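Colleague: For reference, the sequence and a predicted model appear below.
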Amino acid sequence: MRSLTLWSSKAPIKFRMPTAENLIPIRLDIEVDGQRYKDAFVWNPDDPDSEVINFAKRTVKDLKLPPTFVTQIVQSVQAQLAEFRSFEGQDMHVKEKIVPLKIDLRVNNTVVRDQFLWDVSNFESDPEEFARTLCKDLNIGDPEVGPAIAVAIREQLYEIATQSVSSLREARAGKKGRRGADTFNRPGNSALDLVKYFGSKGSVIRKRKDWYLYEPIVDILSNEEVGALDAREELNAR
Amino acid sequence: MATPPPPTGTLASAAPATPPPPPTGTLASAAPAPPPPPPQSPHTPSTSAVKSEVHAAEAAADSTPIVAAAAAAAAVSYTITIPSCSGWFSWDEIHETERRLLPEFFDGRFSSRNPSVYKYYRDSIIRQFRAQPWRKLTFTEARRGLIGDVGSVRRVFDFLEEWGLINYTPSAKPKERREAAAAKEEEEGETAERKEGPKRLCTNCRSVCGLTCFTTDKADIILCSRCYVRGNYRPGLSNFKRVDNMEELKTEWTDKENLHLLEAIVQYGEEWKKVSEHVGSRSAKDCVVRFIKLPFGEQFLRPIEDGEDNGPNGSYRSNDEVAAEHGGESLKRRRLTPLADASNPIMAQVAFLSGIAGSDLAEASARAAISALHKVHIEKSKFTNDIKLYSKRLLRRHNHSSRRSNKMWRNHYQILLKSR
């Protein structure tokens, strides 16, 4: 059944990250005996499982953490991998969806806030390349900011991909009861109404009054401010 | 030849021949072009090429504010040495070795895993190390500053560490350093280097390989049979060859050993003790025996005394003199020629020798070798014919005798054939 709306619903494909490489974001937040280890990085799910254990051992050794962390790290990574794999066999719809992604993070002394539009149907997209360019253009000195940006982008894309899987599932289930042809043609909450923007009356050039919304902001904090923020986060975590 | 020879006695840390440029105080200054490597100092004849570059200034200008401040504050000058086997490294290019050992960036499967990404990883890691070269750069530190998936970053990091482009600290005496390096590796167990000698470790699970192991040209890793069967290796590897440990270790010379042998002979000449030291796992006697057996071995070194028959030896005595000259020249500008194709040991030796000896000599040697082989073939077939006639005669003579003695003569015939 072909739909004639702007959203060309192509045949569903198997679940994967909508990026050039099928890499997933992994976030770790482990606390053992009062010692806390927080980390976020990008992982290739095609790497063999032995890689997980090697990575955990190496990280624990490099950071001089107590050895109990090894099993914790392995478990956490494997759990996230398993969750990813649980989606893998299923279908997801590739819609032409342009989604605003948000970056709002603090890494060491640098605060980055940004918002931009991302084409979720572009399977050649590369969050890492984007993060590298962003850091270079904004002259961000701290090298740890880049990976954090890449992970943040991937996490949002992952979220969107999993949503499309579940929405497809619902739509299919729904079809049995009633004609659900509308439900998966309606854009998601955050997607842009392309007709409004790129239709006959719209224009691709952003209105001046909206410029401030999409401008990246980079702040360098002083050490005291960082200390204060860290303390507040700790409190919130407890 | 995929892994580098372990850092051996051919290396010595050289004092910088040129005084280092003073580190720039402000970060705003333009990055100076990296100082050209000091020319080979003529008074260290027995060492191979050592590239020492002073990087404090370069690092200060290129790297991030945090790292640069530490570098400028801490060290005025520091000599960075890398092993001679990594002399191919250059900031501006990607070398064949890198392409071969990290094919994932060069096979074009993913548009996001491409040579410029590889260069970004490589350059960032090396710069990060050289900003503080007295301490060991850990993988976690490196990957935290790199935007990319940790698996590929790890592979690049391991590659650089293995080839001594990072975390490489040579000590004064070559033997000490070899021991220190071996001790370090055993202790840390981070690098996945293949241990030479009787034991082989699987690069994946680090267990000792038993009877058989599997290896591939693409990545030069060894897998125990279990890892191979289970597929515990990084994606993108294929064409595994089965290698049987037991026999190969005792009798056959590996590519690496052959290469070491030839290197050592060029370098040390006839001092078999030093040669055997350079080869590592073979005694001096083994080295001599092996060298004699090599196809071009004898011609290479000196004019042959015509003791044994060997057609080609007589025919190019003049070429031997040329060879000696070439050998001398090559000592002066000593470089390790990357082997074109290491899978065939004969071709590997040929490539190595022709690289050192020069094209004229190589051509003459090739022609002479062909004619010699032809002669040998004729002689051999003559010999086997003789054997056949002899044994046929014997059998006929004793045809009437009992079965037992027939068997005896058959055994005799077989022994004769085997001995040839």
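Modeller: Structure received. Numbers count the residues shown, from 1 in each chain, chains lettered A, B, ... in the order given.

Colleague: alpha carbons only for contacts and neighbour counts from here, please
Modeller: Noted.

Colleague: Residue A:20: what's it in contact with?
Modeller: Taking C-alpha atoms under 8 Å, 6 or more residues apart in numbering or on different chains as the criterion, residue A:20 is in contact with A:123-126, B:110-112.

Colleague: now chain A, which segments are flagged as low pLDDT?
Modeller: Along chain A, the model assigns pLDDT under 70 to residues A:1-10, A:175-202.

Colleague: That one: strands as residue ranges?
Modeller: Assigned by DSSP state E, chain A shows strands spanning A:13-14, A:24-32, A:35-43, A:91-92, A:98-107, A:110-119, A:217-220.

Colleague: re earlier: now a ChimeraX select for only the buried ones of the contacts of residue A:20.
Modeller: The buried subset of these, as determined by 16 or more other C-alpha atoms under 10 Å in any protein chain shown, is captured in ChimeraX by this line:
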select /A:125,126 /B:112
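
Colleague: how close does residue B:355 get to chain A?
Modeller: 39 Å (C-alpha to the nearest C-alpha, to the nearest Å).

Colleague: Packing partners of the helix or strand hosting that residue?
Modeller: With the criterion set as DSSP states H and E, the secondary-structure element containing residue B:355 is helix B:345-357. Based on contacts counted as 3 or more C-alpha pairs under 8 Å, 6 or more residues apart in numbering or on different chains; DSSP states H and E, the elements that helix B:345-357 packs against are helix B:255-268, helix B:317-332, helix B:359-397.

Colleague: quick one: low-confidence parts of the stretch 101-250 of chain B?
Modeller: Low-confidence regions of the stretch 101-250 of chain B, defined by pLDDT under 70, span residues B:171-201, B:204-211, B:217-220, B:232, B:234, B:243-250.

Colleague: quick one, longest helix in chain A?
Modeller: helix A:145-177 (DSSP state H).

Colleague: for the closest residue to residue A:39 other than its chain neighbours, what are its contacts?
Modeller: Using C-alpha to C-alpha, 6 or more residues apart in numbering or on different chains and skipping residues adjacent in sequence, the residue nearest residue A:39 is residue A:28, 5.0 Å away. Applying C-alpha under 8 Å, 6+ apart, we find residue A:28 in contact with A:37-40, A:73, A:76-77.

Colleague: Which residues of chain A lie near chain B?
Modeller: Taking C-alpha under 8 Å from any C-alpha of the partner chain as the contact definition, chain A meets chain B at A:20-21, A:23, A:41-44, A:46-51, A:58-59, A:62-63, A:124, A:126, A:128-129, A:131-132, A:141-147, A:150.

Colleague: redo that, cut-off 6 Å
Modeller: When proximity is defined as C-alpha under 6 Å from any C-alpha of the partner chain, chain A approaches chain B at A:42-43, A:47-48, A:59, A:62, A:128, A:141, A:143-144, A:146-147.

Colleague: if you compare the strands of chain A, which one is most tucked away?
Modeller: A comparison of the strands of chain A by mean neighbour count, using mean count of other C-alpha atoms under 10 Å in any protein chain shown, puts strand A:91-92 on top with a mean of 21.

Colleague: which secondary structure elements does it contact?
Modeller: In terms of contacts (3 or more C-alpha pairs under 6 Å, 6 or more residues apart in numbering or on different chains; DSSP states H and E), strand A:91-92 is packed against strand A:13-14.

Colleague: And the strands in the stretch 201-350 of chain B, which stretches?
Modeller: Under the criterion DSSP state E, counting those that start in this stretch, strands of the stretch 201-350 of chain B are mapped to B:212-215, B:222-224, B:241-244.

Colleague: tell me the SS of residue B:168?
Modeller: Remark: residue B:168 carries the secondary structure label coil [criterion: DSSP: H, G, I helix; E, B strand; the rest coil].

Colleague: what's the burial count for the spatially closest residue to it that is not a sequence neighbour?
Modeller: Taking C-alpha to C-alpha, 6+ apart as the measure, residue B:168 lies nearest to residue B:82, with 6.7 Å between them; neighbours along the chain are not counted. By the other C-alpha atoms under 10 Å in any protein chain shown criterion, the neighbourhood of residue B:82 contains 26 residues.

Colleague: Kindly report the same for residue A:68.
Modeller: By the other C-alpha under 10 Å criterion, the neighbourhood of residue A:68 contains 11 residues.

Colleague: Look up how far chain B lies from it.
Modeller: For residue A:68, the distance to chain B equals 18 Å [C-alpha to the nearest C-alpha].

Colleague: Excluding chain neighbours, what is closest to that residue?
Modeller: Nearest residue to residue A:68, sequence neighbours excluded (C-alpha to C-alpha, 6+ apart): residue A:32, at 7.7 Å.

Colleague: Show me what the one you found bridges to in the sheet.
Modeller: In this structure, residue A:32 has beta-bridge partners residue A:35, where bridges are defined by DSSP bridges.

Colleague: So for stretch B:140-153, what gets flagged as buried?
Modeller: For stretch B:140-153, the neighbour count (16+ other C-alpha under 10 Å) marks B:140, B:142-153 as buried.

Colleague: Stretch A:155-175 now?
Modeller: Of the residues in stretch A:155-175, those buried (16+ other C-alpha under 10 Å) are A:155-158, A:160-162, A:164-169, A:171.

Colleague: same question, stretch B:153-163
Modeller: Within stretch B:153-163, the residues that count as buried by 16+ other C-alpha under 10 Å are B:153-154, B:156-163.

Colleague: any idea how far the residue nearest to residue B:265 when sequence neighbours are not counted lies from chain A?
Modeller: Nearest residue to residue B:265, sequence neighbours excluded (C-alpha to C-alpha, 6+ apart): residue B:275, at 6.3 Å. Here residue B:275 is placed at a distance of 38 Å from chain A (C-alpha to the nearest C-alpha).

Colleague: Residue B:275: neighbour count?
Modeller: 25.

Colleague: Quick check: it vs residue B:348, distance?
Modeller: Using C-alpha to C-alpha, to the nearest Å, residue B:275 is found at 19 Å from residue B:348.

Colleague: Show me the residue sitting in the middle of chain A in space.
Modeller: Within chain A, the residue whose C-alpha comes closest to the C-alpha centroid is residue A:155; the distance, by C-alpha atoms, centre = their mean, is 2.0 Å.

Colleague: show me what contacts that one?
Modeller: Contacts for residue A:155 were tallied using C-alpha atoms under 6 Å, 6 or more residues apart in numbering or on different chains; they are residue A:25.
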